[in-house]
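Q: only geometry, no sequence info:
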């Protein structure tokens with residue numbers, strides 16, 4: 001309690017670290033071996049310095065710790081729920097290439113974290129995993145991730161760059177909520193599910209290469225509340241679902257590829273900055289109210 005050390009190395013025979021075990025300890029480096037299976041409540045609360053973890057990380061293991069650097073070793077497969085939640089001093093995290101799961105709220109509220117690389121081994125990014133990481137500017141998502149959870153990157157207001165790989169099939173509700181500094185987002189054709197308001201408040205350019213699912217109401221639309229200024233709908237897209245871009249009132253330009261056959265009900269309703277639109281020859285159906293309340297739309301080209 002409140003000790004100051006140059007380094008702390010926990011032996012390979014240790015399986016359990018109790019509640020408050022190292023509470024408030026200051027150390028240049030703490031190393032936890034892969035033998036550890038249990039880490040108690042607030043075991044490392046207020047600890048500073050560098051942390052090296054070689055064991056699977058139980059839920060809430062390092063919540064409220066003040067580590068500045070974390071290295072998660074290559075023997076680790078799981079980062080538990082709330083594992084590093086509210087570690088506000090954390091500026092750097094290295095995730096080993098054996099990790100498959102990042103739990104819910106795992107790094108939520110790590111307000112000093114500036115970038116993160118999620119390795120190819122990871123398949124699931126939990127809900128709220130990086131929510132409120134307000135200094136996070138860059139995210140690299142590995143090529144095995146299939147699911148991005150609800151609010152996974154919500155309120156990452158400094159995020160300027162993210163690449164969604166071709167392995168992703170599901171983007172959760174409000175996954176990129178209020179990522180207002182994103183300059184571009186590309187959604188691959190592997191995606192089959194986009195949650196409610198997944199890109200609410202996002203700006204810049206959007207490229208969509210997947211079919212855009214229909215929503216049950218305007219507020220559950222995939223891009224409801226987004227502030228994209230430009231949208232390009234790629235050559236692999238056949239359907240723009242109901243309410244897809246409902247009230248995207250910052251949208252000034254939309255390019256619809258000649259693979260699209262259906263534009264859904266109220267798909268572009270209320271896109272009041274849109275001035276012109278060309279509907280390609282492939283389109284056979286334009287849904288009711290599809291461009292209603294597009295008050296600045298002066299030019300529409302409809303095929304034969």
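A: Arrived safely, thanks for sending. Predicted, not measured: the structure shown is a model, and the values here were computed from it.
Q: give me the low-pLDDT residue ranges for the stretch 201-304 of the chain?
A: Residues of the stretch 201-304 of the chain meeting the criterion pLDDT under 70: none.
Q: Tell me where it has strands.
A: 203-208, 227-233, 239-240, 253-256, 262-263, 276-278, 285-286, 299-301 (DSSP state E, counting those that start in this stretch).
Q: So which of those is the most surrounded?
A: strand 239-240 (a mean of 24; mean count of other C-beta atoms under 10 Å). In this view, the C-beta of every residue, glycine as well, is placed from N, C-alpha and C.
Q: Tell me the gap between that one and the middle of its chain.
A: Strand 239-240 sits 24 Å away from the centroid of its parent chain (C-alpha atoms, centre = their mean, to the nearest Å).
Q: possible to save the strands of the stretch 201-304 of the chain as a markdown table with distance to residue 9?
A: Putting those into a markdown table (distance: least, C-beta to C-beta, whole Å) gives the following:
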| stretch | distance to residue 9 |
| --- | --- |
| strand 203-208 | 46 |
| strand 227-233 | 50 |
| strand 239-240 | 57 |
| strand 253-256 | 58 |
| strand 262-263 | 62 |
| strand 276-278 | 64 |
| strand 285-286 | 67 |
| strand 299-301 | 70 |
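Q: wait, which of the ones you listed is closest to residue 98?
A: If you check each of these against residue 98 by C-beta to C-beta, strand 203-208 wins as the nearest, at 32.3 Å.
Q: That closest one to strand 227-233, inter-axis angle?
A: 20 degrees (axes from the mean of the first three to the mean of the last three C-alpha atoms, to 10 degrees).
Q: Relative to strand 203-208, what are the paired strands and their orientations?
A: strand 184-187 (parallel), strand 227-233 (parallel) (DSSP bridges).
Q: Distance to residue 259 added to these, as JSON lines?
A: Converted to JSON lines, the strands paired with strand 203-208 look like this (distance: least, C-beta to C-beta, whole Å):
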{"stretch": "strand 184-187", "distance to residue 259": "15"}
{"stretch": "strand 227-233", "distance to residue 259": "9"}
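Q: Residue 141 is nearest to which of the ones you listed?
A: strand 184-187 (11.8 Å).
Q: hmm, back to that, the strands of the stretch 201-304 of the chain: which one's closest to residue 187?
A: strand 203-208 (5.0 Å).
Q: The closest residue to residue 201 other than its chain neighbours: neighbour count?
A: Spatial nearest neighbour of residue 201, chain neighbours left out: residue 178 (4.1 Å); criterion: C-beta to C-beta, 6 or more residues apart in numbering. By other C-beta atoms under 10 Å, the residues close to residue 178 number 21.
Q: Check the gap between residue 178 and residue 87 for me.
A: Residue 178 sits 21 Å away from residue 87, taking C-beta to C-beta, to the nearest Å as the criterion.
Q: Also residue 270?
A: Taken as C-beta to C-beta, the span from residue 270 to residue 87 is 41 Å.
Q: who has more neighbours, these two?
A: More crowded of residue 270 and residue 87, by other C-beta under 10 Å: residue 87, with 27 against 19.
Q: Check which helix or strand that one maps to.
A: Here residue 87, judged by DSSP states H and E, is contained in no helix and no strand.
Q: And what about the residue most central in space within the chain, helix, strand or coil?
A: Geometric centre of the chain, nearest residue: residue 153, 3.7 Å, by C-alpha atoms, centre = their mean. The three-state label given to residue 153 by DSSP: H, G, I helix; E, B strand; the rest coil is coil.
Q: Not counting its neighbours along the chain, what's nearest the residue with the largest distance to the centre of the chain?
A: Within the chain, the residue lying farthest from the chain centre (C-alpha atoms, centre = their mean) is residue 304, at 41.5 Å. The shortest distance from residue 304 to any non-neighbouring residue, by C-beta to C-beta, 6+ apart, is to residue 281 (7.3 Å).
Q: roughly how far apart are the one you found and residue 129?
A: Relative to residue 129, residue 281 is positioned 43 Å away (C-beta to C-beta).
Q: ok, the residue farthest from the centre of the chain to residue 259 distance?
A: 18 Å.
Q: same question, residue 45
A: Distance from residue 45 to residue 259, by C-beta to C-beta: 54 Å.
Q: what do you get for residue 234?
A: Residue 234 is 8 Å from residue 259, by C-beta to C-beta.
Q: which regions of the stretch 1-150 of the chain lie under the pLDDT threshold?
A: 1-3.
Q: As a check, name the ranges of all strands in it.
A: 4-5, 8-9, 16-17, 26-32, 38-39, 48-53, 69-72, 78-79, 92-95, 101-102, 115-118, 124-125, 138-141, 147-148.
Q: would you list those strands in TSV and tack on mean neighbour count and distance to residue 201?
A: Output for those, formatted as TSV (neighbours: other C-beta atoms under 10 Å; distance: least, C-beta to C-beta, whole Å):
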stretch	mean neighbour count	distance to residue 201
strand 4-5	12	44
strand 8-9	14	43
strand 16-17	16	40
strand 26-32	18	38
strand 38-39	18	36
strand 48-53	20	33
strand 69-72	20	29
strand 78-79	24	27
strand 92-95	18	25
strand 101-102	22	23
strand 115-118	18	21
strand 124-125	22	20
strand 138-141	18	17
strand 147-148	22	17
